[in-house]
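Q: heads up, no residue letters with this:
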């Protein structure tokens, strides 16, 4: 750790690392203080509870995800499909290591989504952030005639679901290669998308019973 | 609870319910004993630890998922696309309630995937079970000319990722409608799939750097 980092910064940093590697419940305030070299009294000087530290950690992880994955991948200079391809590859690269840890945001929502509303809501905001990148790229694709503009929002949601699911399956299988594979396939499915009206034989016979 | 259910059965049943509603870590052996009306000494007569009970609970939940979602949805009498459509609708219906709880299997993998290898592996086996249903339906689709037979396995993985991601997003947003929406869109994307060769403009310019 850099000597200049403050106790508060170290606590946030260790929360990002420990919770991602283990889980929210398996990371105690004691664990965090020990890892950060901070007295427990100091912890409560900075944060009212572990949950408040976690919100700060989510913000930190979101800044990291933007800087290291989303901004490099979703460069307007790249063709839209290449942006998604790069996104999945960069995300997969970050999962290599002894154990696939999955998505720090998705893990939290799955673990404490029903227990900690403030964490669930913060993760939801992060997911909205992902959707913003996806929708911008898909809007560019729509402007280039690759996609029906009416489908931008729902397609972005499907890509986010596929991405989160791919990270979860990779963690379950402890094999990150699945992430790139799903990314490739999502791109192939999107590639076929524009011809959807020509390909009705695999279309569901009923779309939704309520419609 | 039925009077005839044994203490062991009641513990498994309560583990399914409590862990799905809260989390694995937030459900203690004491909680489980109290909910099941079982003495703690009896707990350890049946199970060496909470983790062993959880493996039995996963098996129970998998039997339930097969009986209530997978078998009714993946009837060979239905056209393959309709099977997937029904699957997503049945899964969405089970998420309605005060709080969206997400997938019991995906939640566990996300929460303790790096901490409890035996639970992670059991969930992986359950996911293989889902893939079996998906691959059978997609093979039927391939036999009917709706899909390239070479794409069956990877398409099944994409559907499972989309499904798991949809349940996770629904839990994060506390809104189950997303599950049916993602199901609809996955079906639409699959519908466009067969025309993939006619639609190259959204195809990634490079598939995978290693190839």
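A: Good, I have the coordinates. Predicted model only: the values in this text are computed from it and were never measured.
Q: Briefly note if the helix or strand of chain A with the lowest mean pLDDT comes near chain B.
A: Between all helices and strands in chain A, the lowest mean by mean pLDDT, DSSP states H and E belongs to helix A:177-193, at a mean of 81. Yes: against chain B, helix A:177-193 shows contacts by CB under 8 Å from any CB of the partner chain at A:178, A:180-182, A:184-193. Yep, even glycine has a C-beta here, placed from its N, CA and C like the rest.
Q: biggest helix in chain A by residues?
A: Longest helix in chain A, counting residues (DSSP state H): helix A:117-143.
Q: for the helix or strand just after that helix, the distance to its chain's centre please.
A: Once the chain leaves helix A:117-143, the next helix or strand it forms, by DSSP states H and E, is helix A:152-173. Its chain's average C-alpha position is 9 Å from that of helix A:152-173, according to CA atoms, centre = their mean, to the nearest Å.
Q: Any residue of helix A:152-173 touching chain B?
A: Yes: using CB under 8 Å from any CB, helix A:152-173 reaches chain B at A:154-155, A:157-158, A:160-166, A:168-169, A:171-173.
Q: got it, and stretch A:11-31?
A: Yes: against chain B, stretch A:11-31 shows contacts by CB under 8 Å from any CB at A:21, A:22, A:23, A:24, A:25, A:26.
Q: still on that earlier bit, so what secondary structure elements neighbour the least confident helix or strand of chain A?
A: helix A:80-93, helix A:152-173, helix B:152-173, helix B:177-193 (3 or more CB pairs under 8 Å, 6 or more residues apart in numbering or on different chains; DSSP states H and E).
Q: And residue A:85, how far from residue A:34?
A: Distance of residue A:85 to residue A:34, given as CB to CB, to the nearest Å: 41 Å.
Q: List the buried residues in the longest helix of chain A.
A: A:119-124, A:126-127, A:130-131, A:133-142 (16 or more other CB atoms under 10 Å in any protein chain shown).
Q: Now look at that helix and say if it contacts chain B.
A: Yes: using CB under 8 Å from any CB, helix A:117-143 reaches chain B at A:120, A:123, A:124, A:127, A:141.
Q: ok, the fourth one - contacts?
A: With contact taken as CB atoms under 8 Å, 6 or more residues apart in numbering or on different chains, residue A:127 is in contact with A:105, A:160, B:169, B:172, B:173.
Q: Between residue A:85 and residue A:34, which is the more surrounded one?
A: Legend: neighbour count by other CB atoms under 10 Å in any protein chain shown for residue A:85 and residue A:34, higher for residue A:85 (25 against 13).
Q: Just confirm that one contacts residue A:182, I think it does.
A: No: judged on CB atoms under 8 Å, residue A:85 makes no contact with residue A:182 at a distance of 11.7 Å.
Q: Could you give the average pLDDT over stretch A:75-85?
A: On average, the pLDDT along stretch A:75-85 is 93.
Q: chain center to that stretch: distance?
A: So, by CA atoms, centre = their mean, the centroid of stretch A:75-85 is 18 Å from its chain's centroid.
Q: Repeat that for stretch A:150-159.
A: Worked out by CA atoms, centre = their mean, stretch A:150-159 lies 16 Å from the chain centre.
Q: where does chain A have low pLDDT?
A: Scanning chain A with the threshold set as pLDDT under 70 gives A:1-5, A:192-211.
Q: quick one: buried residues of stretch A:36-47?
A: A:36, A:38, A:43, A:46, A:47.
Q: same check, this time on stretch A:77-91
A: By 16+ other CB under 10 Å, the buried positions in stretch A:77-91 come out as A:78-91.
Q: Residue A:33 sits in which helix or strand?
A: Assigned by DSSP H and E, residue A:33 belongs to helix A:29-36.
Q: what's the next secondary structure element after that helix?
A: Next element after helix A:29-36 (DSSP H and E): helix A:40-46.
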